[in-house]
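Student: here is a sequence together with a model predicted from it:
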Amino acid sequence: MPVGGTTGQILVKLSDNNFDTDWVEAPDGTDAVVFGGTAPVNNELVIFNGTTGKLIKRSSIPASSLAFAADLANKVDVIIGKGLSANDLTNALKSKLDNLPAAGFFRGNFANIAAVNAFSFNPVPAVGDYVTVVGPTFARYWWSPASVWVIESEESLLNAADIADILFDDGETWTLGGNILFTPTYLALLNEHQTIIENVGLGTASTTPKGFASYFSIAGQTIVITTISDGTNNYVLVNPATAVSGDSNQFTGGTGSLGRLQYTGTVTPRVFSIHATVSHSGGAGDLALFAIAKNGAAISESRTLNEIKTAAEVHQVSVTALVSLATNDYVEVFVANTSSTGDVKVHALSISASLG
């Protein structure tokens, strides 16, 4: 046994050689150094052997390989004032919840809002409670956080038939029953519903307004000219008996179906592209002037001139215009002679209307 040592130290072998021992400090579970031939290295384990009572360095098992290291990496940091099981809302989600309408109770139907304000409710209304009134139009009012009744929606001022025309717009008969409620914003857009669909090309054959009327005769119909035109006056209606196509929608031939297309749709006003083709003959050297007319007035921007070379020759001209039509407005074709009072004979006429 080596000499020396102090109280509390223990004897430890320094190697496998006999008598190679020395006095060392006893391990205290904190910072004691344990020798097992060589000093331990960071991240290596020193384990207690319960049989021998020795602390043994296990250099082949680094601490980083143990499961508890990964577990520590996934730990949840403690936040003062919150439990680890808290399911916290984001500010955005909380704002959505705060702005949800209150699920109130129906508090009765009244003649008008004045009757509502004069009524003594028991219990006092809570935010979200609502009432309905029937005058001057059916409406719903909510009890607001400001402790006043606020209108939430109102009934369309249109009757059921008008609403059906706007929503479906196909000339069919529709029946709408019950109270139809729209927010004020939606109600303002309702009349534009069908127009928007058609303008972006979503209209179907049954809903899109369109018209086509035609006339044909080899013998032709004479349009009598009595006064020379200066290009702005003395127009005469081209009025042969025309037939309106069965594929037309919201257009008729008007009174007598004499060269006319009349718009009967209820969504107004609307801009239509009007196109007319006229096959005609007349006196040699005559200069025929054609134009689209709306409600009996020629549209100057649509004027087209054609010179008739010989009396036996049949000419064809096209006339076009963009025209805004309201319900029962109509379009026709006018003709004038700017060189003589010679008559113009019409052999064929077609006039069409489509959304511009």
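Tutor: The structure has been received and is ready for your questions. Residues are numbered from 1 along each chain as shown.
Student: residue ranges for the helices of the chain, please.
Tutor: 67-73, 91-98, 113-118, 160-167, 184-190, 193-199 (DSSP state H).
Student: for stretch 229-243, give the mean pLDDT please.
Tutor: Across stretch 229-243, pLDDT averages out at 95.
Student: ends of that stretch, how far apart?
Tutor: Using C-alpha to C-alpha, to the nearest Å, one end of stretch 229-243 lies 29 Å from the other.
Student: got it, and stretch 132-140?
Tutor: 4 Å.
Student: what stretches of the stretch 151-300 of the chain score poorly on pLDDT?
Tutor: Within the stretch 151-300 of the chain, the stretches with pLDDT under 70 are 153-207.
Student: beta partners of Val271?
Tutor: Going by DSSP bridges, Val271 is paired in beta bridges with Ser324.
Student: so it touches Ala326, yeah?
Tutor: No. Under the criterion of C-beta atoms under 8 Å, Val271 makes no contact with Ala326, lying 11.1 Å away. No exception for glycine: its C-beta is placed from N, CA and C like everyone else's.
Student: domain assignment for this structure?
Tutor: 106-155, 160-199, 210-355 (automatic domain parsing).
Student: so which of those domains is nearest Pro2?
Tutor: Smallest distance to Pro2 across the domains of the chain (C-beta to C-beta): 89.5 Å, for domain 106-155.
Student: how about Thr6: what's its closest non-neighbour residue?
Tutor: Trp23 (7.3 Å; C-beta to C-beta, 6 or more residues apart in numbering).
Student: and that neighbour, how many neighbours?
Tutor: 15 (other C-beta atoms under 10 Å).
Student: correct me if wrong: it contacts Gln9.
Tutor: Yes. Using C-beta under 8 Å, Trp23 is in contact with Gln9, at 4.3 Å.
Student: quick one, what contacts the closest residue to Leu261 other than its chain neighbours?
Tutor: Leaving out its chain neighbours, the residue that sits closest to Leu261 by C-beta to C-beta, 6+ apart is Gly211, at 4.5 Å. Going by C-beta atoms under 8 Å, 6 or more residues apart in numbering, Gly211 touches 244-245, 248-252, 261, 263, 352-353.
Student: measure Thr132 to Ile151 for me?
Tutor: Using C-beta to C-beta, to the nearest Å, Thr132 is found at 11 Å from Ile151.
Student: of the two, who's got more company?
Tutor: For Thr132 and Ile151, the more surrounded residue by other C-beta under 10 Å is Thr132, and the numbers stand at 18 against 13.
Student: tally of neighbours for Ala118?
Tutor: Going by other C-beta under 10 Å, the residues that sit close to Ala118 add up to 9.
Student: kindly report the same for Phe334.
Tutor: 25.
Student: CSV please, covering the domains of the chain and showing distance to Gly5.
Tutor: Below are the domains of the chain laid out as CSV (distance: least, C-beta to C-beta, whole Å):
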stretch, distance to Gly5
domain 106-155, 85
domain 160-199, 95
domain 210-355, 111
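Student: what's the most buried one of these?
Tutor: Ranked by mean neighbour count under mean count of other C-beta atoms under 10 Å, the domains of the chain are led by domain 210-355, which reaches a mean of 18.
Student: start to end distance for it?
Tutor: So domain 210-355: terminal residues 7 Å apart, C-alpha to C-alpha.
Student: does Val131 touch Ala139 like I think?
Tutor: No. Look at Val131 against Ala139 with C-beta under 8 Å: they stay out of range, at 9.4 Å.
Student: ok, Ile10 touching Val24?
Tutor: Yes. When contacts are counted by C-beta under 8 Å, Ile10 is listed as touching Val24 (6.3 Å).
Student: more neighbours: which of those two?
Tutor: Shown here are Ile10 and Val24; by other C-beta under 10 Å, Val24 has more neighbours (16 against 11).
Student: excluding residues flanking it in the chain, which one is nearest that one?
Tutor: Val12 (4.9 Å).
Student: hey, what's the residue nearest to Leu261 bridged with?
Tutor: For Gly211, the beta-bridge partners under DSSP bridges are Ala353.
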